[in-house]
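Engineer: the following block contains a protein sequence and its predicted model.
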Amino acid sequence: MNYVSTTAVTPAVSPFDALNLTDVTAKLEDSILIVTLNRSRKMNSFSEKMAADLVRIFQFGDQDDRVRAIVLTADPTAPAFCAGADMEEVARGSSLLGRKEDTETEHRDPGGQVAMAIYNNRKITVAAVNGHASGVGLTALQFPFDFRIIWSGSKLTIPFVRLGIVPESTSTYLLSRLIGESRATAVLFSGAVMQPDAPVISNLYFQVLPDRTDVLPAAVILAKNIAVNSSQTSIAYSKGLLHHAGSSIEENHLLDSRAMKLLGSSRDAAEGAKAFMQRRKPNFPDALSRSLSPWYPWWKVTDVRHPKSKL
Amino acid sequence: MNYVSTTAVTPAVSPFDALNLTDVTAKLEDSILIVTLNRSRKMNSFSEKMAADLVRIFQFGDQDDRVRAIVLTADPTAPAFCAGADMEEVARGSSLLGRKEDTETEHRDPGGQVAMAIYNNRKITVAAVNGHASGVGLTALQFPFDFRIIWSGSKLTIPFVRLGIVPESTSTYLLSRLIGESRATAVLFSGAVMQPDAPVISNLYFQVLPDRTDVLPAAVILAKNIAVNSSQTSIAYSKGLLHHAGSSIEENHLLDSRAMKLLGSSRDAAEGAKAFMQRRKPNFPDALSRSLSPWYPWWKVTDVRHPKSKL
Amino acid sequence: MNYVSTTAVTPAVSPFDALNLTDVTAKLEDSILIVTLNRSRKMNSFSEKMAADLVRIFQFGDQDDRVRAIVLTADPTAPAFCAGADMEEVARGSSLLGRKEDTETEHRDPGGQVAMAIYNNRKITVAAVNGHASGVGLTALQFPFDFRIIWSGSKLTIPFVRLGIVPESTSTYLLSRLIGESRATAVLFSGAVMQPDAPVISNLYFQVLPDRTDVLPAAVILAKNIAVNSSQTSIAYSKGLLHHAGSSIEENHLLDSRAMKLLGSSRDAAEGAKAFMQRRKPNFPDALSRSLSPWYPWWKVTDVRHPKSKL
C-alpha cells in the first residue's frame, strides 16, 4: 500500500482522508505525526476499528517521507489512556478473541497487528501515556514503541490470566526484551495495579511526569529533537540493527560493518560530518523512499498473512 | 509419573507419602503447595537427596490439579536459607561435581535438574528466601522461580569461580534473561557478598522485607491472590509464551494468536469475562489434566536424559 | 599469534615491545594488565592505530598466562576518556567509515574488531572510565567489558544517528543484552547527554565514583580481588557459558553439566575446595595455555575475516 503516491495532496484534502480513520485522529505537525485515540467516551477501549485505524496510520507514517517521528496519545481529560479491550465488542464475538469461523491457525490477533505496525516502523515512535491503561492499553499501545513517556498517576494493570486468556499483542516477545524476564514475569502474572515509578515496571519509561497535560508536549519535544537532528535512513538502519541483531557478536559485526559502509558514504553522512564540524544543525537530504539499499531489510520476515503459516 | 491417580487420598494418608521426602517437607494449604527445606542443622546445604526431593515435589505440583502455586521456603530461624552445596558430600564424591564413573557427556548436574523442574513448572512458583544464600542456594533455589520475595538482611554470594568450578543449575542461561547481562556478569564474577537491595541484584526481587518471619506469609498471600483469581490453563500457556517466545515478533504473533484463539473459546475465558462483568471472583472450571490442547507444548524439548545428547 | 613463546622476556625487554604500541600504553602489575589510552592531547579520540593497538594488547592479555585481568583506562587529567572517533582521520577517509576501495561486504568496522577482542577475552576485563565519553568511547571502550567503573561526572553521549551513520562496534548486539532493549533504544536514539547515575544508563555501571582519580584504583582493586581469588580456567569456561548460553534451559543444562564434570575433577577444583575448607586464599595451579579441554570453545565462531562472509 502506498497512500501517498495515489493522492495529490492539497491544503483542502487531508492526506489522511483516504484512510477513513474514525477511532483515532491524526495530524502532521512539522515532521511529527500525532495520532490520538478517539474513543474517550468509551474510555478509549480498544475496538476492532481502532486496531485497523492504528495499523493504517502507522503504515502511512512509515511510508511517507515527510514523517520523521510518530507520537500516540489520548485526550488528557479522558477517563483512561486505554481501558483495555472493548468488552461489549468482545461479548458480541469480536475478532480480539478470534472469530468463530476462524480455525485455530487462522486467527490473527488484532493487537498483534498493531504491535507489529509500531515495532517494525522505520520512524521513531513515542507513546505519550497521559492516563490509566489496562491490558492491550499496555501490550499494543506501549510496549512496541521506541520511547514511552507517562503520567506518574497512571494506574497500570495486565489482567489476562485473570480473564482466562493469554497476554497478547506480542507482549510475551516484547516485554522480556524490554525489561528482562524477572520484571516481565511479575508484570504479566502478579495482577497488581502498578504505577509508573514502581520498580517492577519503571524501566519501561523514558520519562515519568506529574501532570497529565505535560505528557504530550514532552513527547513532541523529544520527537522533534530527534526528527530535526537525525537522519531518516540512519534511524531505519539502526532500528533494524537493534531489532534484528546478529545471533552472535561476530554476526553483528558483519551486519553493522556493512550498514556502516553503506551509510558512511551516503549524502547524509557527508552532511552529518559537515554540520558537526560547523557546529550547526544538519539538513539531511536522504529519505527512505529513495535512499535505502537493496540489502535493506537484511532479515527474513515471516509472512504472517498466510493462513497455513505454522511454527 | 502421575502421583495422584495411583493413590486414594484420605485424611490419614498424605499425598506426599509416596514421594519419600526427607530433605524437604511439603504441605498443601488450600491450593498452595508449600515446600520447606529440611536441613536446618546443616544450614540447609544442598544434598543429592534434597535435589531428588525437590524434583519430585515440583513435578507433583506441576501435575496435581489441586495445586495452583508452589512456594519454596526454609525455617526462618535456620542459620541460612541455603548455604550452598553440602561440602562434606562433595568431598565424598557427590554427584554435584560429577560422579567418577560418569563420562564428560554423561554427567547431569543435580542443581540443573531442580532448576528445570521449577522453571518448566506450569504452575506459579514463588521463592520465599528468608535467610542467607550461597551458590546453588541462588542458582537452583531462586533464579528459576516466577517470583522471588526476600528478607532484606539476606547475605547473597556466588562463589563458583573461586572454587575452581563453574556457575551451574542453568544459571548462565537464566540470570542474563532475568536481569540483563551487565548485572549477571557482575553477580557471577565479582565474588561480592550482596544484599537484596544492592543495585546489582535488586531487579531479581519482587519484594524485599525487613523481617525474616514476614517472608513466607507474604509469599503465600501473593500465591493465593494469583491462585484464587487466575486460570490454571491461562498460567500454563502464558508461561509457555514467555519462556518460549517466538524468535521474531512475527513468530510470536502467530504463537499468541493461536493461544488466544484456543483459550478465547474456553470455558475459563467465558467464566473470566462473566466474573469481570459481574465484578465478582471467577470460579474457573478448566484444569491442566484435562483442558490442554494437543498443541501444547508447541516447542521442542531437548531430551536431556539421553546419554548421547550432545550440542 | 603467540606473543609469549616467541620472546625471551627479560627485565630489560618489555613483553609489549613487539606489539609496537603507540596510541595506548600497557603495563603488567602483578597479574593485572593495565592499558591506558595515549592520545590525551587529541581527547583520546579513537584512531585506526588505537584500534589496532587495542586488538593486539587484548589478544596478548588473552593469551599470556600471567595476565588474570585487564583494565582499560585513560589519564584522569585528560579532557576526555574518549571523545569518539578521530574526526580529522575520518575526514581523510579513515577505515572507521569504510575505505573507498572496500566493497560493501568487505568493510570490517575497526571498533567492532576492538569490541570482539574485549568481549571474547577469556580473562576478566574492567573499564575504568575516568572522563567524558562519546560514541565509540562507549560502544567499543565500555560495552564489551565484564565490569564498568565510572566517574560520576562523566558526560556520555551516542551521536551516530545525528551523524547520518549507525551505532557500530557491535553495540546493537551488546547494549540490549546488557541493559534491556527499553533502555538500549533510549540510549542509542535520544541523543541525550547522560550522566552515569541517569536511570536510562545506570544499569551499565558496577560502581559510580565521585572523584576521577579514584576510578583506576577502584578498578585495580576489583581486578586484583578477582585475580587473586579465582581460577583462570573457571573464568574462561564461565564467560563462555554466559556469552554462549544454550538456546533453551535444557541445552544450557547439557553445557554446564559438561563444564562442571570437566572442571569438577580439575586440580583447580581440588585446590578451591581445600582452600575453602582451610579458610585460606587458593593457589590455583591450572592455566589457560595448558589446561583447556579440546571441547573448549564448544560454540561455532563465525569467521569474520573471510571477505565473502555474508549473512
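Structural biologist: Arrived safely.
Engineer: show me the helices in chain A, by range?
Structural biologist: Remark: helices assigned in chain A by DSSP state H are A:48-63, A:87-91, A:110-119, A:136-139, A:171-179, A:181-189, A:199-202, A:215-229, A:232-243, A:249-264, A:267-277, A:288-291.
Engineer: elements contacting the fifth one?
Structural biologist: In terms of contact count using 3 or more C-beta pairs under 8 Å, 6 or more residues apart in numbering or on different chains; DSSP states H and E, helix A:171-179 is assigned the packing partners helix A:110-119, helix A:136-139, helix A:181-189, helix B:232-243, helix B:249-264, helix C:181-189. (Each C-beta comes from the backbone N, C-alpha and C, glycine too.)
Engineer: output the third one in PDB with nothing but the alpha carbons.
Structural biologist: Once side chains and other backbone atoms are set aside, the C-alpha atoms of helix A:181-189 remain, and they are given as PDB (Å, rounded to 0.1, in the frame of the first residue of the first chain):
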ATOM      1  CA  GLU A 181      12.300 -11.700  32.300                       C
ATOM      2  CA  SER A 182      12.300 -11.200  36.100                       C
ATOM      3  CA  ARG A 183      10.300  -7.900  35.800                       C
ATOM      4  CA  ALA A 184       8.200  -9.200  32.800                       C
ATOM      5  CA  THR A 185       7.000 -12.200  34.700                       C
ATOM      6  CA  ALA A 186       6.000 -10.100  37.700                       C
ATOM      7  CA  VAL A 187       4.100  -7.600  35.400                       C
ATOM      8  CA  LEU A 188       2.300 -10.300  33.500                       C
ATOM      9  CA  PHE A 189       1.300 -12.600  36.400                       C
END
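Engineer: may I ask you to confirm that residue A:78 is in contact with residue A:43?
Structural biologist: Yes: in this structure residue A:78 lies within contact range of residue A:43 using C-beta atoms under 8 Å: 7.1 Å.
Engineer: tell me how far residue A:170 lies from chain B.
Structural biologist: Separation of residue A:170 from chain B (C-beta to the nearest C-beta, to the nearest Å): 5 Å.
Engineer: over to residue A:185?
Structural biologist: With distances taken as C-beta to the nearest C-beta, residue A:185 is found 5 Å from chain B.
Engineer: so what pLDDT did that residue get?
Structural biologist: On the pLDDT scale, residue A:185 is placed at 98.
Engineer: what about the closest residue in space to residue A:21 that isn't next to it in sequence, how many neighbours?
Structural biologist: Nearest residue to residue A:21, sequence neighbours excluded (C-beta to C-beta, 6 or more residues apart in numbering or on different chains): residue A:53, at 4.9 Å. Counted with other C-beta atoms under 10 Å in any protein chain shown, residues neighbouring residue A:53 total 24.
Engineer: ok, now which ones touch residue A:53?
Structural biologist: A:19, A:21-24 (C-beta atoms under 8 Å, 6 or more residues apart in numbering or on different chains).
Engineer: over to residue A:192?
Structural biologist: A:157, A:186, A:200.
Engineer: just send those residues back as a markdown table, with neighbour count too.
Structural biologist: Listed next are these as a markdown table, based on neighbours: other C-beta atoms under 10 Å in any protein chain shown:
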| residue | neighbour count |
| --- | --- |
| A:157 | 18 |
| A:186 | 23 |
| A:200 | 21 |
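Engineer: can you check the pLDDT for the most centrally placed residue in chain A?
Structural biologist: Closest residue to the average C-alpha location of chain A: residue A:118 at 2.9 Å, with C-alpha atoms, centre = their mean. pLDDT, residue A:118: 98.
Engineer: how near is it to chain C?
Structural biologist: 13 Å.
Engineer: before we move on, the earlier item: pLDDT score for the residue nearest to residue A:21?
Structural biologist: With respect to pLDDT, residue A:53 has a value of 98.
Engineer: rewinding a little: possible to save the helices and strands packed on helix A:171-179 as a markdown table with distance to residue B:216?
Structural biologist: Output for those, formatted as a markdown table (distance: least, C-beta to C-beta, whole Å):
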| stretch | distance to residue B:216 |
| --- | --- |
| helix A:110-119 | 38 |
| helix A:136-139 | 31 |
| helix A:181-189 | 18 |
| helix B:232-243 | 21 |
| helix B:249-264 | 32 |
| helix C:181-189 | 33 |
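Engineer: ranking the helices of chain A by burial, who's on top?
Structural biologist: helix A:136-139 (a mean of 30; mean count of other C-beta atoms under 10 Å in any protein chain shown).
Engineer: do that helix and chain C meet?
Structural biologist: No: on the criterion C-beta under 8 Å from any C-beta of the partner chain, helix A:136-139 is out of touch with chain C, staying 13.0 Å away.
Engineer: rewinding a little: dump the contacts of residue A:53 to TSV, plus neighbour count, pLDDT and distance to residue B:49.
Structural biologist: Shown next, in TSV, are these (neighbours: other C-beta atoms under 10 Å in any protein chain shown; pLDDT from 0 to 100; distance: C-beta to C-beta, whole Å):
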residue	neighbour count	pLDDT	distance to residue B:49
A:19	17	95	66
A:21	21	97	65
A:22	13	98	65
A:23	20	98	61
A:24	24	98	61
